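J.: need the 3D shape of this:
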Amino acid sequence: MIILTIVLLAVVMWVVLIFNGLIKLRNQVANAFKQIDVQLKRRYDLIPNLVNSVKGEMKFEQSTLEKVIQARAAAMNAGAAGNMNEILAKEGMLTQALGKLIALTENYPNLKANESVKPLMEELTHTENQIGFARQFYNDIVTKFNTEQQVFPNNMFAAMMGFSSAVLFELPQDSADREVPKVDLAV
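T.: A predicted model of the protein is given here:
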């Protein structure tokens, strides 16, 4: 009877350790996503200032500016809805639109030299880098969390304890960001 009690107590302690480990990882996943959210908010705040700063100079690129504004609105709405797949898709669209805007500004020497546009572009570039780092950290934590749920013996208990896999940040399959960039150095 004592041996059975010790074995049962050891199993219970083992399950508690599995549960607590998964809880810690789930909280790290949530924290990592909130860090992305902070950077996205920063990007959302920068975009209107940047668009307003370049509007006059980029008269012929109004469709690009409108796409950036629309993508920003869609991404903000997706974030408010909280659906991870929708957030990923809309953020991908916004990233593409911003990438095109940044590339187009390179074609406008007056914009590159403009003292109000220059710091905004630098800030946006810095923010995009921060978002990239935050997404990488999030994906690392999500991978660790998902792996912990899938390895034996944790996989026997994870689903019973209410855990499910978290979604990785990744580019949509049809994303323009997946295309190989074309570099033409012929001048």
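J.: please name the nearest non-neighbouring residue to L124.
T.: L46 (5.2 Å; C-beta to C-beta, 6 or more residues apart in numbering). Yep, even glycine has a C-beta here, placed from its N, CA and C like the rest.
J.: which residues touch the one you found?
T.: If a contact means C-beta atoms under 8 Å, 6 or more residues apart in numbering, then L46 has 120, 123-124, 127 as its contacts.
J.: how close does the spatially most central residue of the chain sit to I18?
T.: In the chain, the centroid-proximal residue (C-alpha atoms, centre = their mean) is R135; its distance is 4.5 Å. The gap separating R135 from I18 is 28 Å, by C-beta to C-beta, to the nearest Å.
J.: re the thing from before, just confirm the residue nearest to the centre of the chain contacts I36, I think it does.
T.: Yes - taking contacts as C-beta atoms under 8 Å, R135 lies within contact range of I36: 6.0 Å.
J.: which residues do the two both contact?
T.: Going by C-beta under 8 Å, 6+ apart, residues that sit against R135 and also against I36 are F169.
J.: farthest residue from the center of this structure?
T.: Relative to the centre of the chain, and counting by C-alpha atoms, centre = their mean, the farthest-placed residue is M1 at 53.5 Å.
J.: least trustworthy helix or strand in this structure by mean pLDDT?
T.: Lowest mean confidence among the helices and strands of the chain (mean pLDDT, DSSP states H and E): helix 109-113, at a mean of 67.
J.: what about V29, helix or strand, and which?
T.: helix 2-54 (DSSP states H and E).
J.: share the number of residues neighbouring K41, please.
T.: Neighbours of K41 under the rule other C-beta atoms under 10 Å: 13.
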